[in-house]
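# For reference, the sequence and a predicted model appear below.
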Amino acid sequence: MRTNQQTTLKGATVLSGIGVHSGNPVAITLRPASANHGIALLRTGMASGNDRLIKAHHACVSATELCTVIGDVESGAVATIEHLMSAFYGLGVDNALVEIDGPEMPILDGSALPFVKAIDAVGIAQTGTARRWIKVLRHVRIEAGTAFAELRPIDRGFRLDVEIDFESPVIGRSRKAMDLTAAAYRREIAPARTFGMMKDVERYWKAGFALGASLENTVAVGETDVVNPEGLRFADEFVRHKFLDAVGDLALAGLPLQGAYRSYCGGHRMNVGILEALFADRANYAIVEAQGTRRETALAEFGAGLGIAAFAGDL
């Protein structure tokens, strides 16, 4: 859904499963929220007995190794948020409250498709309040060796161009580029599953990762073939999943983006890093309101870098 009005869910929906890294059971409830609320996660079930509300925003990101984490361990954090955030952004959901009773989102089948189906089941409603976008005004680029990520201005919409290049002959080099629309997202991106190398499993386990990974939720890549008996959902499922991750991480801008994103050998760290680079200079972007009304939002509300009260991590 792409409208000039902000959107939210028409009703609440519940999903449950295990965390792909923690292996622990978790349940989440997706709830409607009012206009200008944005996406926020209410972390419950903590040992302290206190709940914590965490804004889904790049300023709240605390880790990007193998997944994206917002909040902090001591006062409450939520890991592996990128698939749910990708579904929200891909379908055009602006406002929602996500209640979660554990430290990690459920991995479900390893894609965003179960989240998309849950959202579609309850439906999306317009709020009657004008939608705002973050319009990219200047080219912004970050690099790490041969890897890079960049944002460029475009006249309308949001376009992503994601390229991967793995030494594994099973994955190899591939590229996926398209304009982000709800229909294209449902069809081409949402079903793409997360993946991992069999040779890395023991190292991940020792580091406390992938404790809940299985062939039910992860595409396992062997030396010469995919281990999963059903094979791949797409011939280029690997790059499509990286595209899915990029959508979810870039949703942490706080508002939809109007611009073109390009990455080569990127990942969660670079996806979040390009947002930090964008917001580092107020001249890089503008806040544009629906119906052609352009509004330069006061620094007290949005700020150069958005690290202020309206988008604080601990509300």
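Alright, I've got the coordinates. Remember, predicted model here, so these are calculated numbers, not experimental data.

# Which residues are in contact with E188?
Listed by C-beta atoms under 8 Å, 6 or more residues apart in numbering, the contact set of E188 reads 178, 234, 240. Backbone N, C-alpha and C define where each C-beta goes, glycine included.

# Let me know the next secondary structure element after the helix or strand of the chain with the lowest mean pLDDT.
None of the helices or strands of the chain scores lower by mean pLDDT, DSSP states H and E than helix 201-206, at a mean of 89. Later in the chain than helix 201-206, the nearest helix or strand by DSSP states H and E is strand 219-221.

# Check which helices and strands that following strand sits against.
Applying 3 or more C-beta pairs under 8 Å, 6 or more residues apart in numbering; DSSP states H and E, we find strand 219-221 packed against strand 195-197.

# centre of the chain versus the strand it packs on, how much separation?
Counting by C-alpha atoms, centre = their mean, to the nearest Å, strand 195-197 is centred 19 Å from the centre of its parent chain.

# So which residue is dead centre in the protein?
Most central in the chain under C-alpha atoms, centre = their mean is G248, positioned 1.5 Å from the mean C-alpha point.

# Surely it touches S86?
Yes - using C-beta atoms under 8 Å, G248 is in contact with S86, at 3.3 Å.

# Overlap of the contact sets of these two?
Counting by C-beta under 8 Å, 6+ apart, the residues touching both G248 and S86 are A112.

# Identify each buried residue in stretch 71-78, please.
For stretch 71-78, burial by neighbour count (16 or more other C-beta atoms under 10 Å) applies to 71, 76-78.

# Identify the residues contacting R152.
Counting by C-beta under 8 Å, 6+ apart, R152 has contacts 136, 139, 259-260, 262.

# Just the buried ones from those?
Using 16+ other C-beta under 10 Å as the burial test, the contacts of R152 include 136, 259-260, 262 as buried.

# Just the CA trace of stretch 3-16, in PDB.
These are the backbone C-alpha positions of stretch 3-16, laid out as PDB (Å, rounded to 0.1, in the frame of the first residue of the first chain):
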ATOM      1  CA  THR A   3      -0.900   6.300  -0.300                       C
ATOM      2  CA  ASN A   4      -0.500  10.000   0.600                       C
ATOM      3  CA  GLN A   5      -1.800   9.000   4.100                       C
ATOM      4  CA  GLN A   6       0.000   7.300   6.900                       C
ATOM      5  CA  THR A   7      -1.000   3.700   7.600                       C
ATOM      6  CA  THR A   8      -1.300   1.300  10.400                       C
ATOM      7  CA  LEU A   9      -2.800  -2.200  11.000                       C
ATOM      8  CA  LYS A  10      -6.500  -2.700  11.100                       C
ATOM      9  CA  GLY A  11      -6.200  -5.200  14.000                       C
ATOM     10  CA  ALA A  12      -3.800  -7.100  16.200                       C
ATOM     11  CA  THR A  13      -2.100 -10.400  15.200                       C
ATOM     12  CA  VAL A  14       0.100 -12.800  17.100                       C
ATOM     13  CA  LEU A  15       3.100 -14.900  15.800                       C
ATOM     14  CA  SER A  16       5.400 -17.200  17.800                       C
END
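
# Could I get the average pLDDT for that stretch?
For stretch 3-16, mean pLDDT rounds to 96.

# Go through that stretch and flag the buried ones.
5-9, 13, 15.

# which one of those residues is nearest A183?
T7 (15.6 Å; C-beta to C-beta).

# give me the element the closest one is part of.
Counting by DSSP H and E, T7 is part of strand 5-9.

# And the next helix or strand past that strand?
Heading C-terminal from strand 5-9, the first helix or strand you meet, by DSSP H and E, is strand 13-18.

# for the stretch 51-200 of the chain, what spans make up the strands?
Per DSSP state E, counting those that start in this stretch, the stretch 51-200 of the chain carries strands over the ranges 52-55, 61-63, 69-72, 76-79, 96-100, 124-130, 132-136, 140-144, 147-152, 158-165, 173-179, 195-197.

# Give me the helices and strands touching the longest one, please.
Helices and strands touching strand 158-165, as assessed by 3+ C-beta pairs under 8 Å, 6+ apart, comprise strand 173-179, helix 237-250, strand 257-264.

# out of those, which comes closest to E150?
With distances scored as C-beta to C-beta, the stretch of those nearest to E150 is strand 257-264 (5.2 Å).

# now could you export just the CA positions of the closest one as CSV?
C-alpha atoms of strand 257-264 as CSV (Å, rounded to 0.1, in the frame of the first residue of the first chain):
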residue,chain,number,x,y,z
LEU,A,257,13.0,7.1,1.9
GLN,A,258,12.7,8.8,-1.5
GLY,A,259,16.0,7.9,-3.2
ALA,A,260,18.1,5.1,-4.8
TYR,A,261,20.1,2.7,-2.6
ARG,A,262,23.0,0.7,-4.1
SER,A,263,25.3,-1.7,-2.2
TYR,A,264,28.0,-4.1,-3.1
